Structure formats: C-alpha cells, structure tokens
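S.K.: Pasted the sequence and its predicted model underneath.
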Amino acid sequence: MLEILSKEAEKLKNNQGSPEIISAALDFLTGFADGCHHQKEEKALFPLLQERGIPKEGGPIGVILQEHEEGRKLVARMKEAADQKDWPKLAEAVAGYSELLKGHIWKEDDVFYPAGKKVLTAGDASSLVERFEEIEKELGPGVHEKYARLVHELERKSGAIEPLIKNVPLELLDAMLDTLPFEITLVDSKDTVIYFNKENKEKLFSRTRAAIGRKVQQCHPQKKCPFSPADP
C-alpha cells in the first residue's frame, strides 16, 4: 500500500493519478494499519512485553509508540491535503510517511519482534492470538478480509507494484545465474530454448548459442530426450 500511495501521489502532483485511489489508501492506513495492526500492538503485545521485562520508557516500546504517533500526524496531513486537493502537499506528506513506515517496519520485523519472541512463552503466544482475534472482532465482521481485498484491487488499478526482479540489472542477474552450482536451461511454453547459464564455462552438458531459438527436441538425442515424439 505504501508503494501504491507513493506512486499515485506523484502522479497527482503532475496532474495525473486518481484521487479515489488516494482516498481508499488513506482509509486503509486508518482502518487497517492503525485501527487493526497498531491496536493489536498497543492493547495486547506491548503491555505483555512490559510484563516480561522489556521497558517502555527509554526502551524499544517507547520508540515504536513514538513512531505510531508520528505516523498518525502524517496521515492527518495527507487527509487534509487530499481534501484541499493540494497535491504537492500530499506528495510531501506521503513521502515522509513512507520513509517513516519503511524504517518502522524494518525495526519491528528485524529487531523488535525477534527480541520479543525471546521473552514470550508458548502460553503467551496463545493468549496473544486470542486477544488479537478479539480486537479484530471489535472492528466488525470481515474487516480484515475487506482491507486485504482492497490492497489487491488497488494494486491492479494503480499498476504501482512491479516484480522485484525489475530492480536487478541484467549484468548482475547474469552473474548470479552463472554462479549457481548447477546448470540450467530455460525452455518457453512453445518448447523453444531461450537461455542457458555458464555459457563460457566448462559444462557437463555441452551447449552453444546455436541452441537458442531451437526446439528443445532438436537439442537432445531422441533416446535421451523426454520430449521426443519418437519416444513412446
């Protein structure tokens, strides 16, 4: 949702984009990120972690709570900017919120939660799950599922989410595939050979560029090729 929000805010700043997507994204931030996720932490997880010895003041819980408040202020700024159709102001608030949340999520997932798991018992985990379910029921039936569907709908409408592989330069991807401890050949849906790794290295199965663009059946002896029409 952060990616969708960021891309759409930038579009609106350039007189493109969809105010409706922004409105739906802000509803998600209020109803799910804050209303569901943060409430589970603040009402259930954090008090229990304090009982188990993790401090609030001067400790990680205090830092997380402070960032929750900063996030709420930024969401309020986003809503105000959207109401005023002040798209540059919206984009600025979205950028600040996205930067805050990306660091926040990293702190939680990579530092805070692993530390919390060390002090919680199996009984604690069960009681937390029960309390989390109670908090979701307070939001109303099907709310969690509604927001999960909303994310997928906005992904499709905005086109903001792209495969992570697009972030990898071809040269780096080629080097990665070449360092694999095994040989691979890629064949497309029409049985055409489109790639093999370790092109200029010693291979167990000899392949040259002449194989590219050929049917895989033409690249193997018939007695060895599982795709050969001659095989029963």
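M.R.: Happy to help now that I have it.

S.K.: Show me what counts as buried in stretch 19-33.
M.R.: For stretch 19-33, burial by neighbour count (16 or more other C-beta atoms under 10 Å) applies to 21-22, 24-26, 28-29, 31-33. Placement of C-beta: from N, CA and C, glycine included.

S.K.: ok, so of those, who is nearest residue 106?
M.R.: residue 33 (15.5 Å; C-beta to C-beta).

S.K.: What distance do you get for residue 170 to residue 183?
M.R.: With distances taken as C-beta to C-beta, to the nearest Å, residue 170 is found 20 Å from residue 183.

S.K.: now do residue 212
M.R.: Distance from residue 212 to residue 183, by C-beta to C-beta: 15 Å.

S.K.: now residue 18
M.R.: 47 Å.

S.K.: And for residue 82, the neighbour number?
M.R.: 21 (other C-beta atoms under 10 Å).

S.K.: Torsion angles phi and psi at it?
M.R.: Dihedral angles of residue 82 (phi, psi; degrees, to the nearest 10) stand at phi -70, psi -40.

S.K.: pLDDT averaged over stretch 73-83 - what is it?
M.R.: Mean per-residue pLDDT for stretch 73-83: 96.

S.K.: Could you list the buried residues of it?
M.R.: 74-75, 77-79, 81-82.

S.K.: burial measure for residue 127, as a count.
M.R.: 14.

S.K.: Who are the contact partners of it?
M.R.: residue 48 (C-beta atoms under 8 Å, 6 or more residues apart in numbering).

S.K.: Kindly recompute the last result at 6 Å.
M.R.: By C-beta atoms under 6 Å, 6 or more residues apart in numbering, the contact set of residue 127 is empty.

S.K.: quick one: it is in a helix?
M.R.: Yes. Counting by DSSP: H, G, I helix; E, B strand; the rest coil, residue 127 falls inside a helix.

S.K.: Report the distance from stretch 101-118 to the chain centre.
M.R.: 15 Å (C-alpha atoms, centre = their mean, to the nearest Å).

S.K.: about what we covered before: take the buried residues of stretch 73-83 and write them to a markdown table, including distance to residue 54 and secondary structure.
M.R.: Formatted as a markdown table, the buried residues of stretch 73-83 follow (distance: C-beta to C-beta, whole Å; DSSP: H, G, I helix; E, B strand; the rest coil):
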| residue | distance to residue 54 | secondary structure |
| --- | --- | --- |
| 74 | 26 | helix |
| 75 | 27 | helix |
| 77 | 31 | helix |
| 78 | 31 | helix |
| 79 | 33 | helix |
| 81 | 36 | helix |
| 82 | 37 | helix |
